[in-house]
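**Student:** this one's sequence-less:
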């Protein structure tokens, strides 16, 4: 009887697994490209799906202050490690379907970064710069409903010259 119950329990557990998610490619795990204010975002980090995850105050954050200062942050916390993808545009009103170059951080710049925060405060920061770049494109902006959607990609380097590749970035956010 114990074996029968164990077999029954295993069958239920296996059937409750999301088989579709296991079979999905990394890009298929990303949220769809939408423009509804779905409050979704994701990208590929070195070919692996990167999505908001974990016990954090904000796993996903978007702001567009005074229609001039835009930023989107996707945060993932696994165990005691937090990884963050951040894309920002400072001091410029973003236009629809215009491609903006992500370069170095500055007062009137567009830039991106990937940061790994470790529990021992040995953080690793990868940033775009004048040579290692990326792109940001706003595909939808509904001012009345405060919804902004778009795509991004970038390469970034740390102070040791190691590079990280962020691809297929997408967001559909209320701000």
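**Tutor:** Nice, I can see it. Please read these numbers as outputs of a predicted model, since none were measured by experiment.

**Student:** contacts and neighbour counts: CA atoms only from here.
**Tutor:** Noted.

**Student:** distance of residue 144 from residue 24?
**Tutor:** 36 Å (C-alpha to C-alpha, to the nearest Å).

**Student:** Show me which of the two is the more surrounded one.
**Tutor:** For residue 144 against residue 24, the residue with the higher neighbour count under other C-alpha atoms under 10 Å is residue 24, and the figures read 11 against 6.

**Student:** How about the backbone phi and psi for that one?
**Tutor:** Backbone torsions of residue 24, given as degrees, to the nearest 10, read phi -70, psi 150.

**Student:** pull the helix or strand with minimum mean pLDDT from the chain.
**Tutor:** Sorted by mean pLDDT, DSSP states H and E, the helices and strands of the chain end with helix 2-16, the least confident at a mean of 37.

**Student:** all strands for the chain, in order.
**Tutor:** Using DSSP state E, the strands of the chain run over residues 40-45, 48-50, 60-65, 69-78, 81-89, 99-102, 110-117, 124-127, 134-142, 147-157, 163-174.

**Student:** And the ones you listed: which comes nearest residue 29?
**Tutor:** Within these, the stretch nearest residue 29 is strand 48-50; the backing value is 6.4 Å (C-alpha to C-alpha).
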